[in-house]
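*Asks:* Build me a structure from this.
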Amino acid sequence: MVTPTSIQKLRDSLVLQESMSEAISIVSQSIASKDITVLQLVENLQPELLHQQAAYRCRAVSTIASILEQLTPDLKGINEKEIDLITEFFCSKLKDHHSIVPAALHGLHILSSASRLSPGLARSIAQAIFQDVHCQSQLQHDRRTIYKTIKNLLALHIGELQVLGQDFVFGLIQAADQERDPRNLLILFSIFPVVARYFRLEPFTEEFFEVFSCYFPIDFTPPANDPYGVTKDQLCEGLRQCLASSAHFAEYCMPLLQEKLESDLVSAKIEALKTLELCCLSYPPTQLEKWIDTFWKCIRREVLINVNTEELEHASLDALAALSRAFATNGEFNNLAFTKLLKEILSECQGHLCEPERRLMTPSSYVLLAICSGNAPACALIVSQVIPLLTEQCRIRSQSAPRQFILNCLNKLVQAGLYGFTEIDVAQSGIYPLIPALLELYLEVLKEDDALLRSLSLQGLGHFVGIGMNHEDLEKVNQSLLGLLQQPLTTGHTVEEIGLFFYKCAEQNESWFVEQVLVKLLDMAISDKANEIFRLLRTLPPLPRIRAQVLSQLMARLEQSEPELRLEMLKALAYFAQHDELQMFHQLHNWALETLKEGDPPVSLEATCNILRKLASSLSSEDAKQFINEQIDRYIDQHLTSSAWVVPIMEATLGSLDAIPVGQNLDKLIKTLEPLTVCHPKTDVRISACRLVAALINKIPEGHELESILDSLRTKWQDPSADRSKTVCLFVWISKALLMRSYSKLDQSIQELVESLNDPTHGYLVAEGFKTILCETEQCLNFDSHANIRLMYRQRFFQEVVPRLLKLYRESPSCNKSACFAAIANQLAFIPEGVLVAHITTLIPLLIQCLNLEQPDQLIISTITAFMGLISDNVSAIEEYISSLVPRLLTLAKDGLTMEVRRLALRCLSELRKAQSVVLLPLRSEVILRLIPCLDDKKRLVRREAAVARQKWTMLGQAGCE
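*Replies:* Take a look at the predicted model:
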């Protein structure tokens, strides 16, 4: 028979021991296209498969497995008969020389993932592995292959494996016994629960349980930089699933959990409690009732007696809730053991609840709440007995602190008692007969002067909204709350709690709330409690009727309101304003223009502009164009002539619309704004005008009109007679607008920006502009204001600018080095790590030079912040520069002029501990010595950072310290 060319090349590679990846790929493609068959492959490789030397046979078997791997997952091009034969082939190879077993296992693993195995093949694979391979004698990788094969067979062919019955269980026990590798254990922990649920374990139940229970509790700490990512939590969760997978394990698992709960290790107790919680889901009550008293004693010890960590206490309460849930049957008490225990717990906890001065009141309430959360009948019993007790205790005590404890417990029990009930079926709850007394108590507390007690009362009342409170009760409560709002002592937290209560009421019945409550709240907004009312309005849900009522009332009152109230009113308007408020936009715009006639800009101007910006950005293109046509001439000819403070309003509107002026209107607007951008004495007006011009330029289509406007503006910022400190601002904002839209002639603007850094007087101001160019802006040039923004414009800018800055720094003798440093440092916070890495070897030496006491503080802060970002993301990239960086940081930490410089330098020294110890150890003694003066710094925050940094460097290289 003629050997196919592809197989001949494969054989040649095998004989010559060359790289076979290409030949394997060609053969697998030929099999997939059915040019050759697997049988032909095996027959043609027969000399190698039957070679006397095991190494040749191993290489041939491994080659066949690799070819099959490229045909997965469906074994394309191989028919069922061939799959049967190749399976038999790999099973037979398990009996060959031990060096061939890994290759055979690899082949069987590939076959196990195929869904087209003929009946009986899965069983044959499992039997072959169990009979011919001693699993624990294999290497970790090969054991892993065995376990993954078994897992695949269970997932795809569990019915066949069930036929093996006891043989499969026994084989798995032998294969998994004494496994130590955490990667393999993760696989086994996913296999054991499946076997426990779907296989009959007798007579190997105890042996099967011992295979995995020997690992409990997991004691595993992953090595540093573990490439496999196996965590202790993953192993713990997997082992819990194994222990709780079958009720047959209860007789072995319960004593094990008890033993761990009696130990002194907190971690063992926590793991036992979490496992008990899971076991309660699968173990029947008959198995649990024998141990319920034992487990309660352990839980009681951890919650009521010992002072433990929060995690242990939570785990104890969760386990108690799970036990309670396990004994809940059809809403009745059917288990005498649990009923007896519940009465004992209730009796003990009731005694503690009568002593709020002692520590045990709060944990006792937690115990009762845990039982309530899992068992409705138990909850009804507890609520019916405990709530009257707490109500009485609250009335007979006069001191605030005990009453706070009592009300807090009472609120939690009320919430537990009402959980799961609605207004329809609340009468069936155990708390229903107690509601009148509870409402009476809460209303009594509401009238007291103690703000914290009132807040607790409001929290309790909130639980009854829509469930246990009728219309008459609701009227009474709301009248009390409205009266409480009018009291002078009602401020802060109490107002927030009232707002939360009203929020629930409004969601439950919007119409009633608007008619009975909201109208009265708005009437109170003109009283001396107006600020609190406006703050409360901002907590209400923005439902349609509420929003309409609030907006109409506030807009009507805005013009007559006092200046000091306008800010709070505008905040409320901003909260309720939505995207379709065209009428409100025009009304608020006209009102804002009118307020400027009063003289100085009002305090509320910024808040007004924020709302106008939000509303303008939501207008449709047609409405935006109509607004521009109506207002552009008024802005230029009327409003700007009367007050320059119209510019922020123009920025909020024109800069946020989904349209721009066109033609003569645009030209006229730009020419009007030009002198304001560089000549106006008010900084806020000047910057606002620059932002507006930038927003317009960003949206103008490229062409003659844009070029004409840019030429006109360029003469402004290049005018030698103009104040350079003011023209720089215009230049920076125009550059930002052009960069964001990827302007075709951007290269010229970038070069001009870089050359401006040479200015000895204003170069640093230009460098600060680099931060403006790359940062997000709320006022304009963002997606909300419909700006023209191209993806990754920051990265492109950085790639263009950095080489020019480096060239300027190296080649220009007159270069303003401080400005160059600042320009680089101000960009780093906005650039992704992947882009920075390409320039890191060039930039880091320059940045280290920035860490000099002679440099401006802001430059030093920006540079240290950039270094901390690099340390956090890619510390290895700066390790070779640490010997130069550390001395400069130590100098700044001791002699930095400002607290922020000293504090950040110390924090950066702490962050450097993430580097490899071998890099840091030569510097350890110097750092520890030079940090001593920093411990006496006059600023507390600096002293704290110094103590942390010195402690970390002191522990460097010590055993057990990473």
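
*Asks:* List the buried residues for the longest helix anywhere in the chain?
*Replies:* The single longest helix within the chain, with elements called by DSSP state H, is helix 140-164. Neighbour-count burial for helix 140-164, counted by 16 or more other CB atoms under 10 Å, picks out 142-154, 156-157, 160-161, 164. Just so you know, the C-beta spots here come from the backbone N, C-alpha and C atoms, and that holds for glycine as well.

*Asks:* For that helix, which helices and strands make contact with it?
*Replies:* Where contact means 3 or more CB pairs under 8 Å, 6 or more residues apart in numbering; DSSP states H and E, helix 140-164 is packed against helix 101-112, helix 121-132, helix 166-176, helix 182-198.

*Asks:* between it and helix 182-198, how many degrees?
*Replies:* 10 degrees (axes from the mean of the first three to the mean of the last three CA atoms, to 10 degrees).

*Asks:* ok, residues contacting helix 140-164?
*Replies:* 101-102, 105-106, 108-109, 112-115, 117, 119-120, 122-123, 125-127, 129, 133, 135-136, 138, 168, 171-172, 175-176, 179, 181, 183-184, 187-188, 190-191, 194-195, 198-199 (CB atoms under 8 Å, 6 or more residues apart in numbering).

*Asks:* Quick check: which element contains the nearest residue to Thr772 once chain neighbours are set aside?
*Replies:* Excluding the flanking residues, the one nearest Thr772 by CB to CB, 6 or more residues apart in numbering is Val732, at 5.3 Å. Applying DSSP states H and E as the criterion places Val732 in helix 724-740.

*Asks:* Tell me the buried residues in that helix?
*Replies:* Buried, per 16+ other CB under 10 Å, within helix 724-740: 724, 726-740.

*Asks:* how far is that helix from where the chain is centred?
*Replies:* The chain centroid and the centroid of helix 724-740 are separated by 36 Å under CA atoms, centre = their mean, to the nearest Å.

*Asks:* Just the CA trace of the next helix or strand after that helix, in CSV.
*Replies:* Counting by DSSP H and E, the next helix or strand C-terminal to helix 724-740 is helix 746-755. Output of helix 746-755 as CSV, limited to C-alpha atoms (Å, rounded to 0.1, in the frame of the first residue of the first chain):
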residue,chain,number,x,y,z
LEU,A,746,-3.3,68.9,14.1
ASP,A,747,0.4,68.4,13.7
GLN,A,748,1.0,72.1,13.3
SER,A,749,-0.9,72.9,16.5
ILE,A,750,1.0,70.2,18.5
GLN,A,751,4.3,71.6,17.3
GLU,A,752,3.3,75.1,18.3
LEU,A,753,2.2,73.8,21.7
VAL,A,754,5.6,72.1,22.3
GLU,A,755,7.6,75.1,21.2
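
*Asks:* what's the spacing between whatever helix or strand comes next after helix 746-755 and its chain's center?
*Replies:* Remark: after helix 746-755, the chain's next helix or strand is helix 763-774, criterion DSSP H and E. Here helix 763-774 is found 32 Å from its chain centre; the criterion is CA atoms, centre = their mean.

*Asks:* from now on call the first residue 116
*Replies:* Taking 116 as the first residue, the last one we looked at is helix 878-889.

*Asks:* if you average pLDDT over the helix or strand just after helix 878-889, what comes out?
*Replies:* Later in the chain than helix 878-889, the nearest helix or strand by DSSP H and E is helix 908-926. Averaging the model's pLDDT scores along helix 908-926 yields 84.

*Asks:* quick one: helix 908-926 to helix 878-889, angle?
*Replies:* 160 degrees.

*Asks:* how about helix 908-926: buried residues?
*Replies:* Per 16+ other CB under 10 Å, helix 908-926 contains these buried residues: 908-909, 912-913, 916-917, 919-921, 923-924.

*Asks:* so who does Val153 touch?
*Replies:* Per CB under 8 Å, 6+ apart, neighbours of Val153: 146, 193, 197, 200-201.

*Asks:* Just the buried ones from those residues?
*Replies:* 146, 193, 197, 201.

*Asks:* just to revisit the earlier point, tell me the one among the contacts of Val153 nearest to Phe324.
*Replies:* Nearest to Phe324 among the contacts of Val153: Ile201, at 37.2 Å, using CB to CB.

*Asks:* Show me what the helix holding Val847 is packed against.
*Replies:* Here helix 839-855 touches helix 778-794, helix 798-814, helix 819-833, helix 861-870, helix 878-889, helix 908-926, going by 3+ CB pairs under 8 Å, 6+ apart.

*Asks:* quick one: the third one to helix 839-855, angle?
*Replies:* If I follow you right, that is helix 819-833. Using the same axes, to 10 degrees: helix 819-833 against helix 839-855 is 150 degrees.

*Asks:* May I see the buried residues of helix 819-833?
*Replies:* 821, 824-825, 828-829, 831-832.

*Asks:* pLDDT averaged over it, what's the number?
*Replies:* On average, helix 819-833 scores 85.

*Asks:* Alpha carbons of that helix, as PDB, please.
*Replies:* Extracted in PDB, the C-alpha atoms of helix 819-833 (Å, rounded to 0.1, in the frame of the first residue of the first chain):
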ATOM      1  CA  HIS A 819     -12.800  77.200   4.700                       C
ATOM      2  CA  GLU A 820     -15.100  78.400   7.500                       C
ATOM      3  CA  LEU A 821     -13.100  76.600  10.200                       C
ATOM      4  CA  GLU A 822      -9.800  77.700   8.700                       C
ATOM      5  CA  SER A 823     -10.900  81.300   8.700                       C
ATOM      6  CA  ILE A 824     -12.000  81.200  12.300                       C
ATOM      7  CA  LEU A 825      -8.700  79.500  13.400                       C
ATOM      8  CA  ASP A 826      -6.600  82.000  11.500                       C
ATOM      9  CA  SER A 827      -8.500  84.800  13.300                       C
ATOM     10  CA  LEU A 828      -8.000  83.200  16.700                       C
ATOM     11  CA  ARG A 829      -4.400  82.500  16.000                       C
ATOM     12  CA  THR A 830      -3.700  86.200  15.600                       C
ATOM     13  CA  LYS A 831      -5.200  86.700  19.000                       C
ATOM     14  CA  TRP A 832      -2.900  84.200  20.900                       C
ATOM     15  CA  GLN A 833       0.200  85.100  18.800                       C
END
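
*Asks:* what does it rub up against?
*Replies:* Contact partners of helix 819-833, identified using CB under 8 Å, 6+ apart, comprise 781-782, 785-786, 789, 792-793, 808, 812, 815, 837, 842-843, 845-846, 849.

*Asks:* mind running it again at 10 Å?
*Replies:* With contact meaning CB atoms under 10 Å, 6 or more residues apart in numbering, helix 819-833 is reached by 777-778, 781-782, 785-786, 788-790, 792-794, 808-809, 811-812, 814-815, 837, 839, 841-847, 849, 853, 856, 858, 860, 863-864, 867, 871.

*Asks:* What subset of these is buried?
*Replies:* 781, 785, 788-789, 792-793, 808-809, 811-812, 814-815, 839, 841-847, 849, 853, 856, 858, 864, 871.

*Asks:* isn't there a strand covering Ile539?
*Replies:* No: counting by DSSP: H, G, I helix; E, B strand; the rest coil, Ile539 is not part of a strand but coil.

*Asks:* Many thanks, we can stop here.
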